[in-house]
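Engineer: mind folding the following:
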Amino acid sequence: MTVAGRLTGFLDGRPVVIEADESGFLVTLSTWRGVWVMRDSADSLLPVLGLVKRSRVPVRLRLRGSMAVNLLPTPGLVARCFVPKLGGLG
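Structural biologist: The predicted structure follows:
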C-alpha cells in the first residue's frame, strides 16, 4: 500500500504543506518561525514519530526554497541539533 497526496494547512498561523508519495513524507514550512513552533511541539508527537520510525517511513523537512533535511528513520545532523530526542526514538 502506498500513501499519496498533499495536505495544506497552517501551524500557528503559518502555512505548512505535507506531501506523501512512494518516497515518504515531505513537510514544507514557509518560515523559520514555523520550524521553531514545530520543534516546540515535538514532545507531543514523539509516540507517533516512534511509530513512523519503526515503520521505516522516510520523513523529511524543508524550509520553503531550501534543501530537505532527513527527520526519520535516520535524522540528519541538523535535525538532531534542533530536536535531540529524534535520535533516541525506538
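
Engineer: only C-alpha atoms for contact and neighbour calcs from this point on.
Structural biologist: Will do.

Engineer: which helix runs longest in the chain?
Structural biologist: helix 42-54 (DSSP state H).

Engineer: so which bits of the helix or strand bottoming out on mean pLDDT in the chain are buried?
Structural biologist: Using mean pLDDT, DSSP states H and E, helix 32-40 stands out as the lowest-scoring helix or strand of the chain, at a mean of 79. For helix 32-40, burial by neighbour count (16 or more other CA atoms under 10 Å) applies to Gly34, Val35, Met38.

Engineer: so the first one sits against Val27, correct?
Structural biologist: No - the pair Gly34 and Val27 fails to qualify as a contact (CA atoms under 8 Å) at a distance of 11.0 Å.

Engineer: and the spatially most central residue of the chain, what are its bridge partners?
Structural biologist: Note on the chain: the residue nearest the mean C-alpha position is Leu61, at 4.7 Å, using CA atoms, centre = their mean. Counting by DSSP bridges, Leu61 is bridged to Val27, Val69.

Engineer: any idea how far it lies from Leu77?
Structural biologist: 13 Å (CA to CA, to the nearest Å).

Engineer: great, nothing more from me.
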